[in-house]
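Chemist: What follows is a predicted structure for the sequence shown.
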2 protein chains.
Amino acid sequence: MQAEIVCVGSELLLGDIADSNTQYLARRLSVLGIDLHYSTTVGDNQPRLMDTLRRAIGRSDLVLTTGGLGPTDDDVTRESIAEVFGEVPVVDPQLAAQLRSFFALRRLEMTENNLKQASLIPSARSLRNVRGTAPGWWVQKEGRIVVAMPGPPGELHNMWETEVEPILERTGSLIASRTLKMFNISESRVDELLKPLTSGRNPTVAVYAKQDGIHVRITAKSTDRESARATIRPVEEQARSLLGDSVWGADDEVQEQVTAAALIAAGLTLAVAESSTGGQLTSMLTRVKDAPRFLRGALVVPDIPRTAPDIARLARDAAKQFDADIGLATGATATPDSDPPMVDVHIAIVGPSSPAEVLAAHRSRPFRVRLLSSYYALHELRRFLARR
Amino acid sequence: MQAEIVCVGSELLLGDIADSNTQYLARRLSVLGIDLHYSTTVGDNQPRLMDTLRRAIGRSDLVLTTGGLGPTDDDVTRESIAEVFGEVPVVDPQLAAQLRSFFALRRLEMTENNLKQASLIPSARSLRNVRGTAPGWWVQKEGRIVVAMPGPPGELHNMWETEVEPILERTGSLIASRTLKMFNISESRVDELLKPLTSGRNPTVAVYAKQDGIHVRITAKSTDRESARATIRPVEEQARSLLGDSVWGADDEVQEQVTAAALIAAGLTLAVAESSTGGQLTSMLTRVKDAPRFLRGALVVPDIPRTAPDIARLARDAAKQFDADIGLATGATATPDSDPPMVDVHIAIVGPSSPAEVLAAHRSRPFRVRLLSSYYALHELRRFLARR
């Protein structure tokens, strides 16, 4: 099956926003084993969009559109698909009722132009959009499939994962993959450790540098998921034994969740005090599903230079104020005379029966301090829990 | 002048990397007043690339390609352009000498396949690449211009800014734009209010729904920046009078910064207590450049259901603990019996000489609560300051 993407939106061609939808869909298609041949971005212009759609339908089995499903006059994706297939959009009473209840529930006024979001053509069935007002379209005609989805990434991802992918999953050859995640190790070091594995063809082993550390992706191709997974398993074991204890997680796991799971497993509660991380660390921890089970509370204090004893005191104060077993604090000092400017970030941890420890500073460029220090704090807390 | 972009690289269609070149070039073209009509991504596949190039040359005056200029066999941009124009690439002795010295300088071995990076066709002249080994091509033939540039963003930006833009700057007209930003008003309502303006051709007026509210973009075209701005001014005034006090900012302004500026102007300090927003609001406020000037500190407490008096108490407690003039708190209660589930978020504000006010709840889907409530808190704080 050959696919192509058509992204609709003048804001993309004015450079107002970056298109992240192509990469998202490209990855998802790749896992399904569907080849992506083209991705075209076109503005909110009906003749140009229709021209692009006609060509896409002519050469690809599956055409995915994103954007242009809004309520305003310059949203023309529905109209263009209808015209290319020679059909006329009609307001669907059920979709219109859903739209009215969407607005009523939010106590918002619904204007008449919203109604065009409730329209369908005979060859289309609607795709649920639980995150917005624009349903998608699944159009199947003349051996081609056109899937029209909204442009905002949150709406697109949800519609793709709940409505579109389940249908497409039943076709094509399969790719399975496994990602191992590391922190506090360099990309080139991982590359070196994995040399015995990276030249393989099936599975392939690739190393990526990401914000939360280094990822190693093992990918296998097969006709069914189970045999693809069986191809991956021995290579994953080899990789893990080469990488040792740098690996903190796999696949969709994130550091905050892995660290939270370690706290919950130990039956310990946490209080946070943030100086150099400005609320970023707490904001990550409160996104963990079970946050209220372990996170007693957090203090955010101004990001001014602090000494190691100051930061230890912050950790103790937070543990005391929120009556938590563990206090975790972040704080920074500028590195003298460095060009470009660098910052030393300290992490302090105080345990239920231990004095506050201030852990080896790590050095960072100022613009990366908040995120990187949050990851270091999570990393050090995991190590602290593992040592107990 | 009409332009289009052709991005070349299979890694883009596998989702391995995101394309940032389109947005970069789109912005630069927009400032030059050159209309961008399409951007197409195609893999390292000569037939598909040639097909895309033929169409681009057929419909656009200026075709910009990025990528596919490397030394390996799957880099086919040069070969494809040559074949589309019916010309044959030949190694240029001067380019070959430069390439050899590039490698010698870095004490690297130059392999024979690198030599194809030194090739030219009769209609092309080379564009200097000071950041890499692949020179670009400026091809002018049959009234069309094709500019072939490297894919790595650092190389592309440098070549664009030093070699390509100076030539293009002498042609075309200029675009200037102005964006007005609103909150707590729907896209369709803004669209309706601006009906008298949205059908204009110069300037154009377009409405976009963004995470931080609704944006209205007014764009004018002219031969010089000053007269483009003069075209925008009266339309901006009309738009502002139609939109009333929903407008909180313009252009690059963000809500946290506008709210912070209002606090600083009033000479007041702030303490925050977050329940439903989990640190998100503080994390936004600490990113403001002057945060330590007005933000005394923040408390983040678990996100459990809280009544209006609970939330008022949180605001008072934070103001007291951090000795701040104003306390601002967020908290939520579930909306009974709603399907899909909804949450009512309350914002409480306590001023230097006022009792705590708990402001009208707004309703939101759970997954949007954090960000939306942070914006509501900033919005209500601005209104509170304006009323004083």
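Modeler: The structure has been received and is ready for your questions.
Chemist: Spell out which helix or strand contains A:Ser30, please.
Modeler: With elements taken from DSSP states H and E, the one containing A:Ser30 is helix A:21-32.
Chemist: That helix close to chain B?
Modeler: Yes: looking at helix A:21-32 against chain B by C-beta under 8 Å from any C-beta of the partner chain, the contacts come from A:22-30. Where C-beta positions appear, they are placed from N, C-alpha and C, glycine not excepted.
Chemist: show me the contacts for the residue of the stretch 51-200 of chain A found nearest chain B.
Modeler: Using C-beta to the nearest C-beta, the point where the stretch 51-200 of chain A gets nearest to chain B is A:Thr111, with a distance of 4.2 Å. With C-beta atoms under 8 Å, 6 or more residues apart in numbering or on different chains as the criterion, the residues that contact A:Thr111 are A:71, B:186, B:188-189, B:191-192.
Chemist: possible to save those as a markdown table with pLDDT and secondary structure?
Modeler: What follows is those, written out as a markdown table (pLDDT from 0 to 100; DSSP: H, G, I helix; E, B strand; the rest coil):
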| residue | pLDDT | secondary structure |
| --- | --- | --- |
| A:Pro71 | 89 | coil |
| B:Ser186 | 87 | coil |
| B:Ser188 | 88 | helix |
| B:Arg189 | 92 | helix |
| B:Asp191 | 90 | helix |
| B:Glu192 | 91 | helix |
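Chemist: ok, A:Glu274 touching A:Leu281?
Modeler: Yes: shown here, A:Glu274 and A:Leu281 form a contact pair, counting by C-beta atoms under 8 Å, at 5.5 Å.
Chemist: overlap in contacts of the two?
Modeler: Taking C-beta under 8 Å, 6+ apart as the contact criterion, the residues that touch both A:Glu274 and A:Leu281 are A:298, A:330.
Chemist: residues near A:Ser39, how many?
Modeler: Counted with other C-beta atoms under 10 Å in any protein chain shown, the neighbours of A:Ser39 add up to 28.
Chemist: what does the helix holding A:Ser30 contact?
Modeler: Outside of helix A:21-32, the residues that reach it under the criterion C-beta under 8 Å, 6+ apart are A:3, A:5, A:7, A:35-36, A:39, A:64, A:66-67, A:151, A:153, A:156-157, A:160, A:165, A:168-169, A:171-172, A:174-177, B:12-15, B:17-19, B:41.
Chemist: And for stretch A:47-60?
Modeler: Outside stretch A:47-60, the residues that touch it by C-beta under 8 Å, 6+ apart are A:2-4, A:6, A:8, A:37-38, A:40, A:42-43, A:63, A:65, A:68, A:76-77, A:80-81, A:83-84, A:144, A:146, B:37-38.
Chemist: ok, of these, which come out buried?
Modeler: Taking 16 or more other C-beta atoms under 10 Å in any protein chain shown as the criterion, what is buried in the contacts of stretch A:47-60 is A:3-4, A:6, A:8, A:37-38, A:40, A:42-43, A:63, A:65, A:68, A:76-77, A:80-81, A:83-84, A:144, A:146, B:37-38.
Chemist: what residues does the stretch 51-200 of chain A put near chain B?
Modeler: A:52, A:70-74, A:105-111, A:113-114, A:130-131, A:152.
Chemist: Please type out the PyMOL selection for whichever of the residues you listed turn out to be buried.
Modeler: Listed next is the PyMOL selection for buried residues among these, using 16+ other C-beta under 10 Å:
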select buried, chain A and resi 52+70+71+72+74+106+108+110+113+114+131+152
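Chemist: Which ones among the residues of the stretch 51-200 of chain A next to chain B map onto helices?
Modeler: Among those, the members found in helices (DSSP state H) are A:52, A:105.
Chemist: Strands along the stretch 1-150 of chain A, start to end?
Modeler: Assigned by DSSP state E, counting those that start in this stretch, the stretch 1-150 of chain A shows strands spanning A:2-8, A:35-42, A:62-66, A:90-91, A:119-120, A:124-127, A:136-141, A:144-149.
Chemist: Would you give the sheet partners of the helix or strand bottoming out on mean pLDDT in chain A, along with the direction of each?
Modeler: Of the helices and strands making up chain A, the lowest-confidence element is strand A:357-364, at a mean of 77, by mean pLDDT, DSSP states H and E. The pairing partners recorded for strand A:357-364 under DSSP bridges are strand A:343-350 (antiparallel).
Chemist: model confidence over the partner strand, on average?
Modeler: If you average the pLDDT over strand A:343-350, you get 92.
Chemist: So what touches that strand?
Modeler: Contacts of strand A:343-350 from elsewhere in the structure, counted by C-beta under 8 Å, 6+ apart, are A:276, A:306, A:308, A:311-312, A:314-316, A:319, A:326-335, A:356-359, A:361-366, A:369, A:372-373, A:376-377, A:380-381, A:384.
Chemist: What subset of those is buried?
Modeler: Applying a neighbour-count criterion of 16+ other C-beta under 10 Å, the buried members of those are A:276, A:306, A:308, A:311-312, A:314-316, A:319, A:326-333, A:356, A:358-359, A:361-362, A:364, A:369, A:372-373, A:376-377, A:380-381, A:384.
Chemist: picking that back up, take the contacts of strand A:343-350 and keep only those in strands.
Modeler: A:326-334, A:357-359, A:361-364 (DSSP state E).
Chemist: Tell me which two of those sit farthest apart.
Modeler: The most widely separated members of the ones in strands among the contacts of strand A:343-350 are A:Ile326 and A:Ala334, with 28.0 Å between them, by C-beta to C-beta.
Chemist: which two from the residues of helix A:21-32 next to chain B end up farthest apart in space?
Modeler: Greatest spatial distance in the residues of helix A:21-32 next to chain B: A:Thr22 and A:Ser30, 12.1 Å, computed using C-beta to C-beta.
Chemist: and those two? which has more neighbours close in?
Modeler: Comparing A:Thr22 with A:Ser30 by other C-beta under 10 Å, the one with more neighbours is A:Thr22, at 26 against 18.
Chemist: Any chance of the backbone angles for A:Pro341?
Modeler: The main-chain torsion angles of A:Pro341 are listed as degrees, to the nearest 10 and equal phi -60, psi 140.
Chemist: Report how many residues lie close to it.
Modeler: 11.
Chemist: which ones are touching it?
Modeler: Under the criterion of C-beta under 8 Å, 6+ apart, the contact list for A:Pro341 reads A:334-335, A:365-366.
Chemist: Tabulate those residues (JSON lines), appending distance to chain B and pLDDT.
Modeler: Putting those into JSON lines (distance: C-beta to the nearest C-beta, whole Å; pLDDT from 0 to 100) gives the following:
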{"residue": "A:Ala334", "distance to chain B": "15", "pLDDT": "78"}
{"residue": "A:Thr335", "distance to chain B": "20", "pLDDT": "77"}
{"residue": "A:Arg365", "distance to chain B": "16", "pLDDT": "76"}
{"residue": "A:Pro366", "distance to chain B": "12", "pLDDT": "79"}
